[in-house]
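Participant: Fold the stuff below for me.
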Amino acid sequence: MTVKGVKIVFGTGSGALVDDVSSWLDVLEELGIKNIDTAESYGAWEEQLGLAGAASRGFVLDTKILSGLNPNPATKDLVIKSGKESLKKLKTESVSEMLQD
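Facilitator: Purely as a prediction, here's the structure:
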């Protein structure tokens, strides 16, 4: 959803249950918000969004890998591995992946 040139994105966190996530997705759909931000460092959110079917409901999922918070450098192999794991958890074939500092 874009309002006066500002894109509204729902940011996830930790501690959600699948039933709660499904309810939140219903509200986001009603409000016209289609973008959801998550990350591998946000606890079980990627799995929860996957179980709730966020991708199949048409949401655009943005995720990030650990970079500055990770003891391992963000190498090409680590980025690819992390991306594949996120796709599996989110139950989708594509996301917008960015580095998380």
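Participant: how near is residue 74 to residue 64?
Facilitator: 10 Å (Cβ to Cβ, to the nearest Å). Using the backbone N, CA and C atoms, a C-beta is placed for each residue, glycine as well.
Participant: which of the two has more neighbours?
Facilitator: residue 64 (20 against 16; other Cβ atoms under 10 Å).
Participant: for the lengthiest strand in the chain, packing partners?
Facilitator: In the chain, with assignment by DSSP state E, the single longest strand is strand 60-66. Counting contacts by 3 or more Cβ pairs under 8 Å, 6 or more residues apart in numbering; DSSP states H and E, strand 60-66 packs against strand 35-37, helix 76-90, strand 96-100.
Participant: what does it rub up against?
Facilitator: The set of residues external to strand 60-66 that reach it, using Cβ atoms under 8 Å, 6 or more residues apart in numbering, is 9, 34-41, 46, 49, 54-55, 74, 78-79, 82-83, 86, 90, 92, 95-100.
Participant: quick one on the thing from earlier: looking at the helices and strands packed on strand 60-66, which is buried most?
Facilitator: Most buried of the helices and strands packed on strand 60-66 by mean neighbour count (mean count of other Cβ atoms under 10 Å) is strand 35-37; its value is a mean of 19.
Participant: what pairs with that strand, and is each one parallel or antiparallel?
Facilitator: strand 9-11 (parallel), strand 60-66 (parallel) (DSSP bridges).
Participant: For residue 23, which of those is the nearest?
Facilitator: With Cβ to Cβ as the criterion, residue 23 lies closest to strand 9-11 of the strands paired with strand 35-37, at 12.7 Å.
Participant: Would you mind listing the buried residues in that closest one?
Facilitator: For strand 9-11, burial by neighbour count (16 or more other Cβ atoms under 10 Å) applies to residue 10.
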